[in-house]
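> Sequence plus the predicted model coming up.
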Amino acid sequence: MTVFVAHSKTASEASTLDEKAEIKRLFYETVDAIKKAVSARFEQDDLHILKAIERFILSAANKDYSVPEELVTDLVKLSDIIDLRELTSEAQELPVYLKLHNRKSAVPITRVTKVSTICDVMNSVSDSKDCLPQIHQLLKLYMSVPLGIRDSRAHVQCDASSEIVVAFVNVIKHAEQQNVLCHTQATN
């Protein structure tokens, strides 16, 4: 990257500026490549199934039985593992177990926003695993995938550490762009 003057071992001032610009260009290219790779990672088919499971469980727990067509399509992919007829029947009983949990709990749950809340409910009510075997199987499947829950309102499922990395990279990129802009304005 460094351009040497003929027969000299020191870099010229112009080449040092070119070197800095090239390093910054490479940095931005790398950041953009990382962002694209992470975005592509979260558009995989497996994640669509996990999102469908999450939406199904949350809607059932909150007594919202209007299931969108794409949700049904994603859940059909699980028909080898889970009996979908029994699952829909059990889903209608899930709010009952939520009420049973609320009787024992000091702080009642009014609206379920995380799948982990349903797991807590299933663990707190003694016979829930036996009475809701398909829901239990669906929860085991959902929780066995090593991903963290993000904001359920956005219906996004992704690895929390990856999100932190992307956010941090965006902060660094923005700060570096501001630094370059300030430096460019100061030299002009």
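Nice, thanks for sending it over.

> which ones are touching His101?
Applying C-beta atoms under 8 Å, 6 or more residues apart in numbering, we find His101 in contact with 109, 120-121, 124-125. Bear in mind the C-beta positions are built from the backbone N, C-alpha and C, glycine included.

> again, only this time at 7 Å
With contact set as C-beta atoms under 7 Å, 6 or more residues apart in numbering, His101 has these partners: 109, 121, 124-125.

> from those residues, which would you call buried?
Buried members of those, scored by 16 or more other C-beta atoms under 10 Å, are 109, 121, 125.

> in this structure, what secondary structure element scores lowest on mean pLDDT?
Least confident element among the helices and strands of the chain, by mean pLDDT, DSSP states H and E: helix 160-187 (a mean of 67).

> And the protein, split by domain according to the record?
13-42+162-187, 45-151 (automatic domain parsing).

> Please work out which of these is packed deepest.
Among the domains of the chain, domain 45-151 has the highest mean neighbour count (mean count of other C-beta atoms under 10 Å), at a mean of 15.

> circling back to that earlier point, ok, of the domains of the chain, where does mean pLDDT dip lowest?
Of all these, mean pLDDT reaches its minimum on domain 13-42+162-187 (a mean of 73).

> Quick one: the helices in this protein, in order.
13-41, 45-61, 69-76, 84-104, 115-124, 128-131, 133-144, 160-187 (DSSP state H).

> I figured Leu87 was touching Gln134, is that so?
Yes: because the distance of 4.1 Å satisfies C-beta atoms under 7 Å, Leu87 is recorded as touching Gln134.
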